[in-house]
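Q: just a sequence and a predicted model for now, questions to come.
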Amino acid sequence: AMAQAALGAAGLHFDELNKLRVLEPEVAAQTAQLREECRAFVDKTAEFQKIVGSLIELVDQLAKAAESEKMKAIGARNLLKSIAKQREAQEQQLQALIAEKKMQLERYRIEYETLCKIEADQNEFIDQFIFQK
């Protein structure tokens, strides 16, 4: 015991296997435990970084997919707008054509009425000419 005290004063200790150690057995055990806890902490940190990395990758993919869908939607909206403009232009052309045909019909109606009047006048003239003979 006196030898142990003298060794202890010099900073030397015996462990449970009676090997000479610089550290006290309790301090050595705590150091080993701390080393294990640190290793476990480092492993968990690495695992967490891996999870965060895959999460960031997933969020990036989702952002790209969302951007792609947004571009598709914008393209579809622009296509619909251009189709609507084309339809509008077609409708205006057809309205103009209808107006033109209505005017043509009115001209033909007036021309027909005029020809009917001329025919009636000529028939009357012919009848008078025949009755005069």
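A: Received, thanks. Numbering: from 1, shown residues only.
Q: for the rest of this, base every contact and every neighbour count on C-alpha atoms.
A: OK.
Q: after the lowest-mean-pLDDT helix or strand in the chain, which helix or strand is next? Please name it.
A: For the chain, counting by mean pLDDT, DSSP states H and E, strand 20-21 ranks last in confidence among helices and strands (a mean of 64). The C-terminal neighbour of strand 20-21 among helices and strands, as given by DSSP states H and E, is helix 25-132.
Q: so how far is that following helix off the chain centroid?
A: 15 Å (CA atoms, centre = their mean, to the nearest Å).
Q: pLDDT weak spots in the chain?
A: 3, 7-17, 20-25, 133 (pLDDT under 70).
Q: ok, 50 please
A: Nowhere does the chain drop to pLDDT under 50.
Q: secondary structure element for Q4, which one?
A: helix 2-9.
Q: okay, E111 and I118: tell me how far apart.
A: The gap separating E111 from I118 is 10 Å, by CA to CA, to the nearest Å.
Q: brain fart, I74
A: 66 Å.
Q: how about N18, secondary structure?
A: For N18, the assignment made with DSSP: H, G, I helix; E, B strand; the rest coil gives coil.
Q: number of nearby residues for it?
A: 8 (other CA atoms under 10 Å).
Q: for it, list the residues it contacts.
A: Applying CA atoms under 8 Å, 6 or more residues apart in numbering, we find N18 in contact with no residue.
Q: would you mind measuring from it to A6?
A: Between N18 and A6 the distance is 16 Å, computed by CA to CA.
Q: again, but for L94
A: 116 Å.
Q: can you check G53 too?
A: As judged by CA to CA, G53 and A6 stand 56 Å apart.
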